[in-house]
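1. Let me see the structure of the following:
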Amino acid sequence: MLSNIRGVFLKAAAFAAVASLLMACGLFDLVKQAQELAPTAEAFASQIAPTVQAQMTMQPEQNQNANENTQQGGTQNGSASSPSSWKVPSAQSNFKSFRTHQVVQLSLPSSGEQYTLYEIEREFAPDQSSREVVKENGQVVYEAVIIGNTTWLNSGGSWITVTGNNAAENPGDALDAFFPTDSWSNWKLEGTTTLNGQKVQHYTIDLTNFQGVAQTITQFQIPLPGQGSVLFHTQRLQGEAFVLPDGTIIKAAYHFQGDIDKNGQKVPAVLDVSIEVSDINANIQITPPPGASAGAQQSPIPLPPGAVVQMSSPAMNIYTVSGTSIADVLAFFEQTLPQQGYQIASKMGDNNSGWMLQVVTPKGETYTVMVSAGDGPDQVSIMVSK
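-> Residues are numbered from 1 along each chain as shown. A predicted model of the protein is given here:
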């Protein structure tokens, strides 16, 4: 989902190349804000998730021996699934709906400092709609709601509406980085138990010898409030996983013990990463966020026939028009706007890089209209901002 939406945000950035007057007309901050909405949540995956996903990737022969040991343990404690066959919740796991809760916490024992670096709550409904909330140190920094072909994004208290061919988020894609679905080894079956009403197999792992383990588990970057990104050195890793009989993981937790580089010194540190699935196949319903528009706002100026909104916010709308050219769109504005009482106060650009217009409505309101090449052939993008 984030990669799809990010493309829309980067489209806003592309308009900046039309003219260097973005600064002068006050659009720079607006475009910059749009660019920064998605990376907040993406930073979590880039800093934490690859570590979790790649850890304990052993040599092939080590994997084989470990899997054999795990299966042998299963004969004593009940039928066990092989870690190599574990999978994340998805429709293929007969999970039509569910919720997940992910937490990343950092503790510095020597100073008593404790931080909840990230907390992510997700819910997936039977109709493939979804909601995601990301908190950083207890503060909501990112929200996303997807219903059908409409996505609402919020960062900093302002909702942006994105419409079009937005693919529904695949729960498996969203969760794969946080569950141990790679060729992991050294998992020990502890027995069976019940978690959130589900009968599960309980596995644990304890590593202090990281020979043959992917380097991304022994050292990786994490955010440290007040300092930025710091390097975490792992000395011991303990983990547990709770797995359904069909191999679907519904809870995983990792306890990293090590140290970080803080202000030029190595400081003992503990990092806890957990994710848990709940409300499996519950009657989850996703609705548009309160205060957000159910669809795109109406354009304040006339648009060429066939214009389709791609992104909408209180301050800016982005549209695309197919089967036309930059020159044709400019000709439409030059002919249509004066006929309907609008005034083109200024015009800068060309038919290759695009145009920036200052348009005054019959009510005296001024809007900036930027016209540039779209993503596809014979496609033009139009951004209208206040």
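
2. any low-confidence regions in the stretch 1-150 of the chain?
-> Within the stretch 1-150 of the chain, the segments meeting pLDDT under 70 span 1-81, 91-93.

3. ok, which stretches of the stretch 201-350 of the chain are helices?
-> Using DSSP state H, counting those that start in this stretch, the helices assigned to the stretch 201-350 of the chain run over residues 215-218, 326-339.

4. Dump these to CSV, plus mean neighbour count, distance to residue 259 and mean pLDDT.
-> All C-beta atoms are positioned from the backbone trio N, CA, C, and that covers glycine. Shown next, in CSV, are the helices of the stretch 201-350 of the chain (neighbours: other Cβ atoms under 10 Å; distance: least, Cβ to Cβ, whole Å; pLDDT from 0 to 100):
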stretch, mean neighbour count, distance to residue 259, mean pLDDT
helix 215-218, 16, 12, 76
helix 326-339, 16, 56, 95
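
5. Which one of the ones you listed lies nearest to residue 149?
-> Nearest of the helices of the stretch 201-350 of the chain to residue 149, taken as Cβ to Cβ: helix 326-339 at 24.1 Å.

6. Partner strands of the strand ranked longest in the chain and their direction?
-> In the chain, taking DSSP state E as the definition, the longest strand is strand 228-243. Note on strand 228-243: by DSSP bridges, its sheet partners are strand 198-207 (antiparallel), strand 219-224 (antiparallel), strand 249-262 (antiparallel).

7. Mean neighbour count, those strands: which tops it?
-> strand 249-262 (a mean of 20; mean count of other Cβ atoms under 10 Å).

8. quick one on the thing from earlier: going by mean pLDDT, which of the strands paired with strand 228-243 comes out lowest?
-> Lowest mean pLDDT within the strands paired with strand 228-243: strand 219-224, at a mean of 87.

9. Can you get me the start-to-end distance on stretch 119-132?
-> Chord length of stretch 119-132, first to last residue, is 10 Å (Cα to Cα, to the nearest Å).

10. residues of that stretch that come out buried?
-> Going by neighbour count (16 or more other Cβ atoms under 10 Å), the buried part of stretch 119-132 is 119, 120, 121, 122, 123, 124, 125, 128, 129, 130, 131, 132.

11. Next, give me the two most distant ones among those residues.
-> 119 and 128 (24.0 Å).

12. Please look at residue 386 and residue 317 and confirm they touch.
-> No: applying Cβ atoms under 8 Å, one finds residue 386 not in contact with residue 317, separated by 9.7 Å.

13. Of the two, which one has the most company?
-> Per other Cβ atoms under 10 Å, whichever of residue 386 and residue 317 has more neighbours is residue 317, with 25 against 14.

14. Give the closest residue to the more buried one in space, chain neighbours not counted.
-> Nearest residue to residue 317 in three dimensions, chain neighbours excluded: residue 384, at 5.0 Å (Cβ to Cβ, 6 or more residues apart in numbering).

15. From residue 276, how far out is that neighbour?
-> Distance of residue 384 to residue 276, given as Cβ to Cβ, to the nearest Å: 44 Å.

16. quick one: contacts for the nearest residue to residue 114 once chain neighbours are set aside?
-> Using Cβ to Cβ, 6+ apart and skipping the chain neighbours, the partner closest in space to residue 114 is residue 107 (5.0 Å). Going by Cβ atoms under 8 Å, 6 or more residues apart in numbering, residue 107 touches 113, 114, 115, 269, 270, 271, 272.

17. So how do I select the buried members of these in ChimeraX?
-> Here is the ChimeraX command that selects only those of those that count as buried (16+ other Cβ under 10 Å):
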select :115,269,270,271,272
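
18. Filter the contacts of residue 107 down to just the ones in strands.
-> Those of the contacts of residue 107 mapping onto strands are 113, 114, 115, 269, 270, 271, 272, per DSSP E.

19. who's the fifth one bridged to?
-> According to DSSP bridges, residue 107, residue 257 are recorded as the beta-bridge partners of residue 270.

20. Pretty sure it sits against residue 109.
-> Yes: using Cβ under 8 Å, residue 270 is in contact with residue 109, at 6.7 Å.

21. Quick check, residue 138 in contact with residue 116.
-> Yes: counting by Cβ under 8 Å, residue 138 sits close enough to residue 116 to count as a contact (6.2 Å).

22. neighbour-wise, which of these two wins?
-> The residue with more neighbours, out of residue 138 and residue 116, is residue 116; 15 against 8, by other Cβ under 10 Å.

23. Which strand or helix spans the closest residue to that one other than its chain neighbours?
-> Excluding the flanking residues, the one nearest residue 116 by Cβ to Cβ, 6+ apart is residue 105, at 5.3 Å. Element membership of residue 105 [criterion: DSSP states H and E] is strand 98-108.

24. Please save the CA atoms from that strand in CSV.
-> Extracted C-alpha coordinates of strand 98-108, given in CSV (Å, rounded to 0.1, in the frame of the first residue of the first chain):
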residue,chain,number,x,y,z
PHE,A,98,-8.3,-9.6,11.9
ARG,A,99,-6.4,-7.0,13.8
THR,A,100,-2.7,-6.7,14.6
HIS,A,101,-0.7,-4.8,17.2
GLN,A,102,3.0,-4.2,16.8
VAL,A,103,5.3,-2.5,19.3
VAL,A,104,9.0,-1.6,19.3
GLN,A,105,10.4,-0.6,22.7
LEU,A,106,13.9,0.5,23.6
SER,A,107,15.3,0.5,27.2
LEU,A,108,18.6,1.8,28.5
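
25. so that strand versus strand 228-243, what angle?
-> Between strand 98-108 and strand 228-243, the angle comes out at 130 degrees (axes from the mean of the first three to the mean of the last three Cα atoms, to 10 degrees).

26. Okay then, goodbye and thanks.
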